Every structure is written in structure tokens, then in C-alpha cells.
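Engineer: Here's a sequence, model it:
(chains A and B)
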Protein chains: 2
Amino acid sequence: MPLRTSLLALALSLSASAAWAGAPPPAVPYRSPQQILDASKPSDWRTLDPANTLYLELDTGRVIIELAPAFAPQHVGNIRTLAHEHFWDGLSIYRSQDNFVVQFGDPDGEEPGKAKSLGSAKTHLPAEFQRPAAGLAFQPLPDRDGWAPQVGFVDGFPVARDPKAGTAWLAHCYGTVGAGRNNDEDSSIGAELYVVTGQSPRQLDRNITVVGRVVKGMELLSVIPRGPDPMGFYEKPEQRTPIRAIRLASDVPEAERTPLQLLRTDTRTFREVAEARRNRRDAFYKRPAGHIDLCNVPLPVRAPPK
Amino acid sequence: MPLRTSLLALALSLSASAAWAGAPPPAVPYRSPQQILDASKPSDWRTLDPANTLYLELDTGRVIIELAPAFAPQHVGNIRTLAHEHFWDGLSIYRSQDNFVVQFGDPDGEEPGKAKSLGSAKTHLPAEFQRPAAGLAFQPLPDRDGWAPQVGFVDGFPVARDPKAGTAWLAHCYGTVGAGRNNDEDSSIGAELYVVTGQSPRQLDRNITVVGRVVKGMELLSVIPRGPDPMGFYEKPEQRTPIRAIRLASDVPEAERTPLQLLRTDTRTFREVAEARRNRRDAFYKRPAGHIDLCNVPLPVRAPPK
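Structural biologist: The predicted structure is shown next:
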């Protein structure tokens, strides 16, 4: 089917929305994800909450992280304290492993006497690998997943769920932010963080506390030179990428914040974007996949319209 | 189960090999992928064939690509011609889209009068999206896949298969090399190539001709600065990454080749490495995943032992 961009086609497609509630979408002309987004309503979008927003300031620009207090309340609380007290300022990204993660924090954090003070942050937290599924507005994907019984979205985050056990957890996708730990499952406190820069390492799900996801600026992290095998820790301090500052957006003057809207994942628009990716029917694709993996679903972000 | 590295444990594990043919592995002490590789036999490895090896020479180093003539014989033939006649020398990587691909070739290839001559390469080829499954030594993974009825490996390449249709095709994983095309499915000739640098875009499977995979040097491609949205094509020529040369290894003097061995994917060692990743039972992992995705299976490469 050729790519259709006429306004008539868009109007027809939108007028069908009331009739569709969970059933397969009607046979309307194909619209690309961008065309669907261009036709979205203001109420399809939410504004990033400054209290759940972390700015990672690099020499190359600002990386914006949305925190997930619904899944990791204690870690997010500690991260807020650490950011508020400027813990990360002057520290670095000290690890970049190709097709896996970048990791940042205090490279001397394990060395007594050299480690930077954690200020009033807590020095011990419980693991927050999963939580009860009850109480979450979970939007399931119809697509099967190899790693979990069910996958979908909660408030913009990719989530896996086990209906039998009644549990849910954040999934490791590109851009996922997690709390580095040692071998003990309760050895993370949110001071050492990593961001996934490679193929979704879902084997980490429920093995590490996930604290959020990057919503803007991944292209600043993904190009950071890789460190040596096997784990990508740099050999020399000068190879590290300096961190100018990490701040909670709510601690930053309003004029210096980056206004950002995220597509709500509980909207028809989001389901349509996912479907437009699951079955691409534009002039380029010859064979729609009929499937999309959790970590291939785009999570659209935009500047607020003027 | 704690990480076990004793030689006794390795010996016990290896001696069990004759009894295992497709059944679940016996309950032996856990060995990490690296420990399994360290205990591999010389016959577990194959040497990269110079006639199927492409060297992409950048200012930062050499990227090594293994071609897949069993899946795309005509494209591989054309690529051999183009490399032999130095088509790519002085051209560039002109696109880098975050979490997707880098693309290289002739940025003026579409402009009549400006396009570089293709020499004696063919200017039209049929699409080679899939092939008959018959005749391939397919090693299936036991893991389920959302995109295809069956996935596994053929001679080191990640492959999907449809037993009903009797077809097989190369899967888009990190490092997969494909032939860029326009909207017509037979519009690729192998002169414009892309390499996957992000989350496996499996929706491209059977929509593009895949010609090979990067076996060494991904860390040189993955750090290339991203071009602007939406597709990552650079705005200015000086932003492109120059290509010094692309050569078939068989056209390079033997002293200048990079000797490389790849783990054979039809070996017990390979199955054990995949299983050690599928169910990690070391001191760090608290919950083995019980699953591995096709594109998460490592494809080990090494320098030949002295």
C-alpha cells in the first residue's frame, strides 16, 4: 500500500477512533508513526515532572533522565538526595562497554579514603528488582516476549509482568537507567548508575534495580569511546568523560529547564504508533513483520508546541 | 551456585560431552562463557576465509566484515568486484542514526553526473531477501522468537527460518551488514551498505538483502557521531567519516591481513556458551533468565593461538 499523507485520509482514520476499543484497527490507509504523531491531540501528551527529572550535564550537552519512583521509590529518593547535594559534580563516566552500557559515578567509590562522601544519602537500600503488579496502569502489548509472560507499558516505561506471581518490573531496553551493584543484591544505592547503549540486555531484568530511562540525549552517551575488553572500564583517568553536574530539574531555575512532553502510553495514539511500527505498510516495506518487540516500540518525546 | 573455576570442574564438564546430544545439559558446575571458551578445542574454531572477508579501513582502525555468499551470492559477488576495483576508497560513512545504523558508500550515488563509476560491477541485481532452507546446516535455538517461527545459526550467522515455507534468512542483529536500497526491492547492488549499531531492527528482515556481519571493530562504528533527525544523514560533507579503503582480505598481502578465528556455531562449545548466557548462575545473577534472544547470543572471535 503506498504511503498516504492526504488530510482526507488522516481525517477518516481519526473519525474511526470511537469505534475501536481494543479490537484490531479498522482497515484505514496506512499512516507512518510521524503522521500519527502529527495528528495527535494535546491530551495525548504529558509534561515531564521536574521532581522526577534528572539532568546529566556533559561537555557535549544535556542528557535527560526520567526517574521511576513507582518502581524504585527508595533508590529514586536517594538519587534525589545525591543530585540535590551535587554528589556527581566533577565525577565521570568511567566505563563504556560496546553493545552494553555506559556507567558513571565515583570511579574511586570502592576505595576507602578515596571515595567521595555520599553526604546525607543513605548508604544501604533494599533491592527494588520488582514490585506488585497491582496498582499499576499496565498497557499490555499483544506481542509475545521470550523473557517474560507479558510485556507492555506503564506511564511511559517498558515493563514486564508475571500475572501468576502478581509482579511487575522495568525492562532493560536501550536507554534504561539502572543502579550498579556488587554481588549482593542489596548493594546498590543509586550513586553508581548505568545506561544501556546496546542490544536490550533483558537478562538483567529482576537482577538489578532499574531507576529510570533516558528520554533525551542518548546520542551523547552512545558515542562515548569504548573502554577496553572485557568490561569497558577505562585504564587511564583522562579517558573518562567528565560530568559537569547532575541536577534534579526541580532544583534548576525554571528558565534553565528543558521543557519536554512525552507521549502518554495509555492513549490510542500510542497504540497506533506501535501498530504502525509492527506492520509497516509504506512504500519501502515489502513484508510487514506482524510483531514488535518491547524494546523496539518508540517512546515519542517532543518540545511543547508553541 | 557460586562461580567455579577449578580444573576438576572443567574436566568433569567436558567428559560429559559424549552423552549429551540435544538433551538438557547435565547438572555440572556453572562455567562462565569465558571459561567455556578457554576450555575449547582447536577444532571448535574456524579461520575466516579471505575471499569472504572485507576490511573497512577507517582513520581509527580496521573493521572486519564476514560476507555471506550462501545467502546473498549475487550481492556478495558484486561487493567483491567493487572492493577489488577500489570503489569505496575516498568515499565515506555519510549517515549515522542513533540506535539504528551507520551507512556508507557514495553520498552522491543518486546524483547523475556526480555519482562515482561502479566500474565493472553490475548495476542491477535481484533482491536476495531469503533463500530455501534446504542445504543449510541450521543449528536451532530452543528459545522462542517473536519475529519468526524459528531462529538459530548457520555458519556463524544469526538466521531465522520458516519450516512451513521452507525458507531461511539472515536476521538483523547488532553488527549485521545489509545492502541499502530504494523503494523497489531489487534496487540494491551492494554499493551502499549499512551496519546495525542499535537495538536489533528485525522488522527489516526479509525486507532488505543482508550481505554479512561485522566480526571485529564494531566499537569503531558505534561511536561515530550521530547525524540529525530523523534519519541521521549529515548536513555537511565534513561531518562524514572518510573511508580510506575497503578491500577483500584476499586482495591484501598476507602480512597485512588480520588473522582471525570464529567459534563454529555447530559445536557443543557454542551451545554451552549460549546456555551459560541463557542461565547465568554466577555470583552476580540472582535470577537466571531461562531464555536468550537470537541477537543476544555472543558470536566469539579470537586471534589464532600462538
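Engineer: residues in contact with stretch A:81-89?
Structural biologist: Contacts of stretch A:81-89 with the rest of the structure, by C-beta atoms under 8 Å, 6 or more residues apart in numbering or on different chains, involve A:54, A:56, A:104-105, A:116, A:118-122, A:190-191, A:243-248, A:251. The way it works is simple: take the backbone N, C-alpha and C, and place the C-beta from them, glycine included.
Engineer: filter the residues you listed by proximity to chain B?
Structural biologist: Near chain B, judged by C-beta under 8 Å from any C-beta of the partner chain, there are no entries from the contacts of stretch A:81-89.
Engineer: For ChimeraX, what selects the buried ones among those residues?
Structural biologist: To isolate the buried members of the contacts of stretch A:81-89 in ChimeraX, using 16 or more other C-beta atoms under 10 Å in any protein chain shown:
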select /A:54,56,104,105,116,118,121,190,191,243,245,246,247,248
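Engineer: Any idea how far stretch A:197-207 is from the middle of the chain?
Structural biologist: Distance, stretch centre to chain centre, for stretch A:197-207: 12 Å (C-alpha atoms, centre = their mean, to the nearest Å).
Engineer: now check that stretch, is it near chain B?
Structural biologist: Yes. Using C-beta under 8 Å from any C-beta, we find that stretch A:197-207 touches chain B at A:198-203, A:205-207.
Engineer: Compute the first-to-last residue distance for that stretch.
Structural biologist: 18 Å (C-alpha to C-alpha, to the nearest Å).
Engineer: so is residue A:36 in a helix, a strand, or just coil?
Structural biologist: Under DSSP: H, G, I helix; E, B strand; the rest coil, residue A:36 falls in the helix class.
Engineer: Enumerate every residue touching it.
Structural biologist: So residue A:36 contacts A:269, A:272-273, A:276 (C-beta under 8 Å, 6+ apart).
Engineer: So for stretch A:161-169, what gets flagged as buried?
Structural biologist: Buried residues in stretch A:161-169 (16+ other C-beta under 10 Å): A:161, A:167-169.
Engineer: first vs last residue of that stretch, how far apart are they?
Structural biologist: With C-alpha to C-alpha as the measure, the ends of stretch A:161-169 fall 6 Å from one another.
Engineer: ok, now how distant is residue A:138 from residue B:222?
Structural biologist: Noted for residue A:138: a distance of 33 Å to residue B:222, by C-beta to C-beta, to the nearest Å.
Engineer: Report whether residue A:64 is found in a strand, as I expect.
Structural biologist: Yes. Assigned with three-state DSSP, residue A:64 falls within a strand.
Engineer: Report the beta-bridge partners for it.
Structural biologist: residue A:55, residue A:216 (DSSP bridges).
Engineer: that older thread, would you mind giving the residues of stretch A:197-207 next to chain B as TSV with pLDDT and neighbour count added?
Structural biologist: Listed next are the residues of stretch A:197-207 next to chain B as TSV, based on pLDDT from 0 to 100; neighbours: other C-beta atoms under 10 Å in any protein chain shown:
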residue	pLDDT	neighbour count
A:198	98	21
A:199	98	22
A:200	98	25
A:201	98	23
A:202	98	27
A:203	98	22
A:205	98	23
A:206	98	25
A:207	98	22
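Engineer: could I get those as CSV with secondary structure?
Structural biologist: CSV is the format used below for the residues of stretch A:197-207 next to chain B (three-state DSSP):
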residue, secondary structure
A:198, coil
A:199, coil
A:200, coil
A:201, coil
A:202, helix
A:203, helix
A:205, coil
A:206, coil
A:207, coil
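Engineer: Which of the buried residues of stretch A:161-169 sits closest to chain B?
Structural biologist: Ranked by distance to chain B (C-beta to the nearest C-beta), the buried residues of stretch A:161-169 are led by residue A:169 at 10.2 Å.
Engineer: list the contacts for that closest one?
Structural biologist: Taking C-beta under 8 Å, 6+ apart as the test, what residue A:169 contacts is A:71, A:129-131, A:159-161, A:205-206, A:210.
Engineer: which stretch of helix or strand covers it?
Structural biologist: Of the helices and strands defined by DSSP states H and E, residue A:169 is found in strand A:167-170.
Engineer: so how far is that strand from its chain's centroid?
Structural biologist: That offset, for strand A:167-170, works out to 14 Å (C-alpha atoms, centre = their mean).
Engineer: ok, now stretch A:212-223?
Structural biologist: In this view, stretch A:212-223 has its centroid 9 Å away from the chain centroid, taken as C-alpha atoms, centre = their mean.
Engineer: Same check on stretch A:33-49?
Structural biologist: Computed by C-alpha atoms, centre = their mean, the chain-centroid distance of stretch A:33-49 equals 17 Å.
Engineer: Out of the contacts of stretch A:81-89, which sit inside helices?
Structural biologist: In helices, judged by DSSP state H, none of the contacts of stretch A:81-89 are found.
Engineer: Read off the pLDDT value for residue A:186.
Structural biologist: Residue A:186 is assigned 97 on the pLDDT scale.
Engineer: how about the buried residues of stretch A:161-169 in CSV, adding pLDDT?
Structural biologist: Listed next are the buried residues of stretch A:161-169 as CSV, based on pLDDT from 0 to 100:
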residue, pLDDT
A:161, 98
A:167, 98
A:168, 98
A:169, 98
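Engineer: what about chain A, any weak spots by pLDDT?
Structural biologist: For chain A, applying pLDDT under 70 flags the ranges A:1-27.
Engineer: One more pass at 80, please.
Structural biologist: Applying pLDDT under 80 to chain A picks out residues A:1-28.
Engineer: And the helices in it, which stretches?
Structural biologist: Ranges of helices within chain A are A:7-15, A:33-38, A:73-84, A:218-221, A:268-278, based on DSSP H.
Engineer: Can you redo the ones you listed as a markdown table, where the extra columns are distance to residue B:142?
Structural biologist: What follows is the helices of chain A, written out as a markdown table (distance: least, C-beta to C-beta, whole Å):
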| stretch | distance to residue B:142 |
| --- | --- |
| helix A:7-15 | 41 |
| helix A:33-38 | 34 |
| helix A:73-84 | 35 |
| helix A:218-221 | 33 |
| helix A:268-278 | 25 |
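Engineer: now for the ones you listed, which one comes closest to residue B:185?
Structural biologist: Residue B:185 sits nearest to helix A:268-278 of all the helices of chain A, at 20.0 Å, using C-beta to C-beta.
Engineer: Mind listing residues that contact the closest one?
Structural biologist: So helix A:268-278 is contacted by A:17, A:20, A:25, A:30-33, A:36-37, A:40-41, A:44, A:139, A:141, A:143, A:153, A:263-264, A:288-292, A:296-298, A:300, B:203 (C-beta under 8 Å, 6+ apart).
Engineer: do that again at 6 Å, thanks
Structural biologist: A:17, A:33, A:36, A:40, A:44, A:263, A:292, A:297 (C-beta atoms under 6 Å, 6 or more residues apart in numbering or on different chains).
Engineer: Show the buried residues in these.
Structural biologist: For the contacts of helix A:268-278, buried by 16+ other C-beta under 10 Å: A:33, A:36, A:40, A:44, A:263, A:292, A:297.
Engineer: quick one: the second one from residue A:195, how far?
Structural biologist: When distances are taken as C-beta to C-beta, residue A:36 and residue A:195 turn out to be 28 Å apart.
Engineer: Equivalent analysis for the last one, please.
Structural biologist: Between residue A:297 and residue A:195 the distance, using C-beta to C-beta, works out to 18 Å.
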